[in-house]
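Participant: Structure of the sequence below:
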Amino acid sequence: MGGEHGKVGRPRSEEARIAVLHAVDDLVAARGYGAVTLKGIAERAGVSRQTIYRWWATKAEILLEASVTDARQELDVPAHDDPVDDLTAYLEALVTFLTSSDAGAAYRALVGEAQHDKAVGELLSGTDPIGQSAAVVIARAVPAEALTVPMPQATALLVGPAFFWILSGRQPGDLRPDTLAREFLSRAAPSLGAA
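Facilitator: Numbering: from 1, shown residues only. The predicted structure is shown next:
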């Protein structure tokens, strides 16, 4: 019988899984991506290395799973009646995720690693928690007929400026999420941006 990730063996212990995901976040935040090893993750989580190897092949896989799990919670913002308010709330949550969350730090580490490790790049492009969360908010805030670009381009237009700002080391407090939300609407949904 195939388990998670198509591997054969016992089902995951949810307690061990949670411990591993917390451990990888903590270790990346404390030491940086390059210093984290599967052995170190296992020790920090209090599980055997066999447990790690049974469920994940690389530390990048663990880190991505931890980031995706946390991003789903941290980027799930309540709906607002006004599209600008909805998009602004999302961008504020995104900036907080990327700058203040261990999961956000882990995600940034993966993005950096993806620049020179093709396998990490492929892993990250297959599971994009930021793009997925942005698409949910865009679909909620912008009627499909008002969106003038395909959804993948729309998500890039929404998150791109904040993402670039943070990853290039600029001060997050200098960002204006409300201005970015209006600029997004003027480019991706001009009929709403003019309202």
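Participant: how far does the least confident helix or strand in the chain by mean pLDDT sit from the chain's center?
Facilitator: None of the helices or strands of the chain scores lower by mean pLDDT, DSSP states H and E than helix 190-193, at a mean of 78. In terms of CA atoms, centre = their mean, to the nearest Å, the centre of helix 190-193 is found 27 Å from the chain centre.
Participant: if we look at that helix, which residues are touching it?
Facilitator: The contact list for helix 190-193 (CB atoms under 8 Å, 6 or more residues apart in numbering) reads P83, V142, A146, T148, R182, F184, L185, S186, R187. C-beta coordinates here come from the backbone N, C-alpha and C atoms, glycine included.
Participant: most surrounded residue in those?
Facilitator: F184 (27 neighbours; other CB atoms under 10 Å).
Participant: How far off centre is stretch 80-99?
Facilitator: That offset, for stretch 80-99, works out to 14 Å (CA atoms, centre = their mean).
Participant: from here on, count from 16
Facilitator: New numbering, starting at 16: the last item is stretch 95-114.
Participant: Mind listing residues that contact that stretch?
Facilitator: 85-86, 89-90, 92-94, 118-119, 122-123, 145, 148-149, 152-153, 155-157, 173-174, 177-178, 181-182, 187, 190, 192-193, 195-197, 199-200, 204, 207.
Participant: Equivalent analysis for stretch 186-200, please.
Facilitator: 98-99, 102-103, 106-107, 110, 113-114, 157, 169, 172-173, 176-177, 180-181, 207-208.
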